[in-house]
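Enquirer: Model the following, please.
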Amino acid sequence: DCKLMMSETSLSFDAAVCIGRFQPPHRGHLALVRQALACAPWAVVVLGSAFQARTPKNPFSAAERAEMIRAALPEAERARVLFVPVRDVYDEPRGARSVRDGVSAALAGQGVPAVSVALVGHFKDPTSEYLNAFPQWRLQRLARVEAPDGTAVRDALFGAAGGDVAAALAPLAEALPDSTRQFLQTWSLRPEFATMELEWRMLRDYHAAWAVAPYPPVFVTVDAVVTCARHVLLIERGQSPGKGLLAVPGGFIEQRETVMQSTLRELEEETALAVSPEALQRAWRRTTVFDHPDRSQRGRMITHASWFDLGDGPLPAAHAGDDAASLRWWPLEQLAALEDRFHDDHFHMLDHFLEFMP
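Expert: Numbers count the residues shown, from 1 in each chain. From the prediction side, this is the model:
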């Protein structure tokens, strides 16, 4: 049910790669995997968004997505599929290196010489530009399968009327393998589902509130990365989206404020940090704009993140206020192990300034 747009299926490849989020895997995704299996003895499925916290956009873990893909394939083909989980990195060269390294390691583990590699994919919109980041692999373009996509599936799952997930997914029977629909029905009984459903409804209402705007809104926010004595000040979010997740203090810029004024105000409101504004400005190191279109599920949100380093003195007093449920000074050495507990791109924001990831 998917037709190649270029006549390269006769070529012999050592392996074929598919890259995606597969949230969840649907008919279009499986067409890519089947084509990969048709043109090489090994298919490597790269699972994006693999290490972050669950969200309504990325509700399923890498292991759960791999389980769904395997279940949708004939048993004889499952052993020929390798899975490579990768994190979202808002730096294309770095992200491409991560994918290449992960694929190479997976193939090496099977003793496969990755000399000739195919990249199977299709260009649906600007989010598909990543396919151009792998010139060393031979691109195999597929026509897009016209069927409900992952967004439609997740909307049906979390918007199930009366909690009847089976009935909500029934109209998508042509888009989803039976095994995937069964997995989703079972998954909806887990505690993760209830949390994601609440987040999904909050975000749906948030987007609806801006539906009457003459243009799609672009929000401008500020965030504060504050370090002291090899610790960083983090809050636990008290409200959705991201309720219960870790974040740096921040919020929306106000009409008559500069970026620095908003940053200092939000820091005071969320942490009551016992450091004067003058001392904070002396501790300022740099400000970076984080503007990836997908960095926030609330919509197009551009933030100005400022790093303040208070040096090696004692940790200043602080207490949670405003939207924060709690706060804590976290040792920098512990950050790498907390990746799946962070809101939006705040983990990557910290790594940008503090460089604790390889």
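Enquirer: Look up how far Cys228 lies from the residue of the chain positioned farthest from its centre.
Expert: In the chain, Glu278 marks the outermost C-alpha relative to the chain mean, sitting 36.4 Å out by C-alpha atoms, centre = their mean. Counting by C-beta to C-beta, to the nearest Å, the gap between Glu278 and Cys228 amounts to 16 Å. Glycine gets a C-beta too; all of them are placed from N, C-alpha and C.
Enquirer: Just to be sure, the residue farthest from the centre of the chain is in a helix?
Expert: Yes - judged by DSSP: H, G, I helix; E, B strand; the rest coil, Glu278 forms part of a helix.
Enquirer: Look at Asp101 and say how many residues are nearby.
Expert: 12 (other C-beta atoms under 10 Å).
Enquirer: so which strand or helix has it?
Expert: According to DSSP states H and E, Asp101 maps onto helix 92-109.
Enquirer: Report the rounded mean pLDDT for that helix.
Expert: Mean per-residue pLDDT for helix 92-109: 94.
Enquirer: residue ranges for the strands of this protein, please.
Expert: 15-20, 43-47, 81-85, 117-121, 138-141, 218-228, 231-237, 246-247, 250-252, 284-290, 300-309, 324-331 (DSSP state E).
Enquirer: For the second one, list the C-alpha coordinates in CSV.
Expert: Read it as strand 43-47. Below are the C-alpha coordinates for strand 43-47, written out as CSV (Å, rounded to 0.1, in the frame of the first residue of the first chain):
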residue,chain,number,x,y,z
ALA,A,43,15.9,-2.6,9.2
VAL,A,44,17.0,-0.1,11.8
VAL,A,45,14.1,1.9,13.3
VAL,A,46,15.3,5.1,15.0
LEU,A,47,12.8,6.1,17.7
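Enquirer: Just the mean pLDDT for stretch 172-180, thanks.
Expert: 94.
Enquirer: same check, this time on stretch 62-78
Expert: Stretch 62-78 comes out at a mean pLDDT of 97.
Enquirer: ok now do Gly244, which residues does it touch?
Expert: Contact analysis of Gly244 by C-beta atoms under 8 Å, 6 or more residues apart in numbering lists Glu236, Arg237, Ala325.
Enquirer: Please name the bridge partners of the first one.
Expert: Here Glu236 sits in beta bridges with Leu246, Ser326, as judged by DSSP bridges.
Enquirer: which other helices and strands contact the helix or strand bottoming out on mean pLDDT in the chain?
Expert: One helix or strand of the chain scores below all others by mean pLDDT, DSSP states H and E: strand 138-141, with a mean of 90. Counting contacts by 3 or more C-beta pairs under 8 Å, 6 or more residues apart in numbering; DSSP states H and E, strand 138-141 is packed against strand 117-121.
Enquirer: Which other helices and strands does the strand it packs on contact?
Expert: strand 15-20, helix 27-39, strand 138-141.
Enquirer: Just say which of the ones you listed is most tucked in.
Expert: strand 15-20 (a mean of 25; mean count of other C-beta atoms under 10 Å).
Enquirer: what's the angle from that strand to strand 81-85?
Expert: 50 degrees (axes from the mean of the first three to the mean of the last three C-alpha atoms, to 10 degrees).
Enquirer: Walk me through which strands strand 15-20 pairs with, and which way each runs.
Expert: Assessed with DSSP bridges, strand 15-20 is paired to strand 43-47 (parallel), strand 117-121 (parallel).
Enquirer: can you list those in JSON lines and add mean pLDDT and mean neighbour count?
Expert: What follows is the strands paired with strand 15-20, written out as JSON lines (pLDDT from 0 to 100; neighbours: other C-beta atoms under 10 Å):
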{"stretch": "strand 43-47", "mean pLDDT": "98", "mean neighbour count": "26"}
{"stretch": "strand 117-121", "mean pLDDT": "94", "mean neighbour count": "25"}
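Enquirer: Of the contacts of Gly244, just say which sits nearest to Val86.
Expert: Arg237 (25.3 Å; C-beta to C-beta).
Enquirer: Any idea how many residues pack against that closest one?
Expert: Arg237 - counted by other C-beta under 10 Å - has 21 other residues nearby.
Enquirer: Then Gly162?
Expert: Based on other C-beta under 10 Å, the number of other residues close to Gly162 is 7.
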